[in-house]
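Chemist: sequence first, then the predicted structure:
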Amino acid sequence: MNPVEKTLRQLIALDGPQSIERMMSLSNGYYYACHDPFGQKGDFITAPEISQMFGEMIGIWLISVWQAAQCPRSVQLVELGPGRGTLLHDALRTIHRLAPDLSQSVQVHLVETSPLLQNMQSQKLGGFTCPIAWHPHIEDVPEGFTFLIANEFFDALPVRHCIRGEKGWHEKRVILDNDTLAFARDPDIAPEILIPQSFHSATAGECAEFSPVTQQIVRTIAQRLAKQGGAALIVDYGHTQSQTGDTLQALKHHQPVPVLAHLGEADLTAHVDFAALALIAGEEGCGVQGAVTQAAFLNQLGIGLRAEQLHARATPEQQKALAAALERLTDTASPTAMGRLFKVLCIHHAAMPELAGFIES
Ligand code: SAH
């Protein structure tokens with residue numbers, strides 16, 4: 001039996017049914033500490049691993065926002081959950097080439113809990129001269145004018161599930177049923193105050209999915225941006241309006257698997273509720289732009305032009321791969337196509353003007 005399942009069984013035996021939040025936190029903590037999950041041989045592939053163009057567009061966005069903020073001389077570039085460090089590598093390379101003044105003003109802070117991935121990030125980013133520091137939590141990053149990026153970070157953070165009953169809300173928990181891990185509704189009624197306002201009109205049987213950890217991190221980011229200035233770019237899959245529904249899923253070798261079947265061995269994610277993030281940003285006195293689709297954001301930043309540039313000096317085989325990558329990043333044909341399912345939200349100091357990627361035509 002794997003260590004996550006063993007721990008969860010012990011916790012249930014000692015303390016009774018466990019929240020989905022606890023299960024997800026244990027599973028993903030172990031999963032990221034022990035796996036390099038990316039790419040064909042891994043469990044999933046993220047946008048920066050599909051093509052260098054993704055990180056390059058983020059680099060261009062950072063340059064444009066830096067210019068919009070009157071080119072401050074000292075900038076903290078924070079990335080949450082940098083994975084293999086590929087996005088930052090491509091963004092820093094772009095900044096170095098197109099805006100040397102910015103590249104000399106940047107101190108990089110990476111928020112990463114996995115020692116394995118920290119090590120990969122350190123190797124990947126070793127060639128850059130800017131100072132790079134690692135932190136386990138956003139709270140440990142020093143204060144100062146900040147640009148923050150987070151791609152597919154928030155989807156990995158634990159969520160809670162509460163199901164609307166006839167008389168109130170019931171938290172969904174993990175239990176042992178005939179010695180098998182299973183989901184069950186807590187018979188007790190959960191305090192109403194726990195449930196975000198946006199779900200209060202739900203009807204019996206509907207699931208409120210929300211992430212207190214995400215809310216806490218976004219509040220910290222917004223408080224810092226309001227006080228110290230800067231902007232945060234959040235890219236993830238999710239919905240722009242809060243809606244009921246259970247989006248928790250497990251991916252292993254690029255295939256969905258039952259959530260409780262491979263704890264610690266599969267990537268557990270839930271969709272990000274962008275409306276909830278925007279609400280918190282507003283409460284803390286920040287402005288927001290978006291959320292727009294990933295396709296709209298990348299197209300506005302000029303990914304098509306960049307693809308043409310790369311195409312002109314590529315071999316026929318590379319040209320094919322380039323076209324496929326561009327298509328994958330910006331495809332909007334179906335609701336699950338990456339360009340449409342993924343959204344981009346910017347949270348920023350109230351004084352920022354309309355920013356590249358979010359300009360409405
Ligand atoms: N941004 C990367 C990787 C996304 S995977 C990319 O686009 O390729 C999620 C990342 O978040 C991993 O680096 C993982 O180790 C990190 N992570 C997950 N939970 C975390 C937590 N609670 N605190 C800090 N980092 C976390």
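Modeler: Structure received. Numbers count the residues shown, from 1 in each chain.

Chemist: where does the stretch 151-300 of the chain come near the ligand, residue by residue?
Modeler: Selection of the stretch 151-300 of the chain residues close to the ligand by Cβ under 6 Å from any ligand atom yields 151, 152, 153, 156, 157. Heads up, the C-betas are built off the backbone N, CA and C, glycines and all.

Chemist: wait, which of the residues you listed is closest to residue 261?
Modeler: residue 156 (18.2 Å; Cβ to Cβ).

Chemist: returning to that earlier point: are any of the residues of the stretch 151-300 of the chain next to the ligand buried, and which?
Modeler: 151, 152, 153, 156, 157 (16 or more other Cβ atoms under 10 Å).

Chemist: hmm, stretch 67-87 touching the ligand?
Modeler: Yes: applying Cβ under 6 Å from any ligand atom, one finds stretch 67-87 touching the ligand at 81, 82, 83, 87.

Chemist: and the gap between residue 352 and residue 346?
Modeler: Using Cβ to Cβ, to the nearest Å, one gets 8 Å for the distance from residue 352 to residue 346.

Chemist: what do you get for residue 196?
Modeler: Distance from residue 196 to residue 346, counting by Cβ to Cβ: 22 Å.

Chemist: the closest residue to the ligand within the stretch 201-350 of the chain - nearest residue in space that isn't next to it in sequence?
Modeler: Per Cβ to the nearest ligand atom, residue 213 is where the stretch 201-350 of the chain lies closest to the ligand, at 7.1 Å. In space, and not counting its chain neighbours, residue 213 is closest to residue 157: 4.8 Å by Cβ to Cβ, 6 or more residues apart in numbering.

Chemist: ok, the one you found - contacts?
Modeler: By Cβ atoms under 8 Å, 6 or more residues apart in numbering, residue 157 lies in contact with 211, 213, 214, 217.

Chemist: that older thread, what touches both of residue 352 and residue 346?
Modeler: Common neighbours of residue 352 and residue 346 (criterion: Cβ under 8 Å, 6+ apart): residue 231.

Chemist: give me the more crowded residue out of the two.
Modeler: Using other Cβ atoms under 10 Å as the criterion, residue 352 and residue 346 rank with residue 346 on top: 25 against 19.

Chemist: give me the beta-bridge partners of the more buried one?
Modeler: Taking DSSP bridges as the rule, residue 346 bridges to residue 233, residue 289.

Chemist: could you pull up the residues touching it?
Modeler: Contacts for residue 346 (Cβ under 8 Å, 6+ apart) come out as 231, 232, 233, 234, 288, 289, 290, 355, 357, 358.

Chemist: counting neighbours, which of these comes out on top?
Modeler: Neighbour max across the contacts of residue 346 (other Cβ under 10 Å) = residue 234, 28 neighbours.

Chemist: just the pLDDT for that residue.
Modeler: In this model, residue 234 is scored at 98, pLDDT.

Chemist: I'd say it and residue 214 touch.
Modeler: No: using Cβ atoms under 8 Å, residue 234 makes no contact with residue 214, being 9.9 Å away.

Chemist: show me where the stretch 151-300 of the chain has its helices.
Modeler: For the stretch 151-300 of the chain, the helices defined by DSSP state H, counting those that start in this stretch occupy 212-228, 274-283, 294-301.

Chemist: output the contacting helices and strands for the second one.
Modeler: Taking 3 or more Cβ pairs under 8 Å, 6 or more residues apart in numbering; DSSP states H and E as the contact definition, the neighbouring helices and strands of helix 274-283 are helix 212-228, strand 230-239, strand 287-293, strand 342-348.

Chemist: would you turn the ones you listed into CSV with distance to residue 104?
Modeler: Listed next are these as CSV, based on distance: least, Cβ to Cβ, whole Å:
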stretch, distance to residue 104
helix 212-228, 20
strand 230-239, 18
strand 287-293, 27
strand 342-348, 23
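
Chemist: I'd say residue 311 and residue 322 touch.
Modeler: Yes: Residue 311 is within contact range of residue 322, at 5.8 Å (criterion: Cβ under 8 Å).

Chemist: give me the more crowded residue out of these two.
Modeler: residue 322 (19 against 13).

Chemist: so how far is residue 50 from that one?
Modeler: 11 Å.

Chemist: would you mind confirming that residue 285 is in contact with residue 350?
Modeler: Yes: look at residue 285 against residue 350 with Cβ under 8 Å: they come within range, at 6.2 Å.

Chemist: what do the two both touch?
Modeler: Residues touching both residue 285 and residue 350 (Cβ under 8 Å, 6+ apart) are residue 226.

Chemist: enumerate the residues of the stretch 1-150 of the chain near the ligand.
Modeler: 28, 32, 46, 48-49, 81-83, 87, 111-114, 117.

Chemist: and the gap between residue 198 and the ligand?
Modeler: 24 Å (Cβ to the nearest ligand atom, to the nearest Å).

Chemist: what about that residue, neighbour count?
Modeler: Neighbour tally, residue 198, other Cβ under 10 Å: 17.

Chemist: overlap in contacts, residue 234 and residue 214.
Modeler: Common neighbours of residue 234 and residue 214 (Cβ under 8 Å, 6+ apart) are 154, 272, 277.

Chemist: most surrounded residue in those residues?
Modeler: residue 272 (30 neighbours).

Chemist: which pLDDT value belongs to the residue of the chain most remote from its centre?
Modeler: Distance from the centre of the chain peaks at residue 178, with 36.1 Å (Cα atoms, centre = their mean). We have a pLDDT of 94 for residue 178.

Chemist: neighbours around residue 350, how many?
Modeler: 11.
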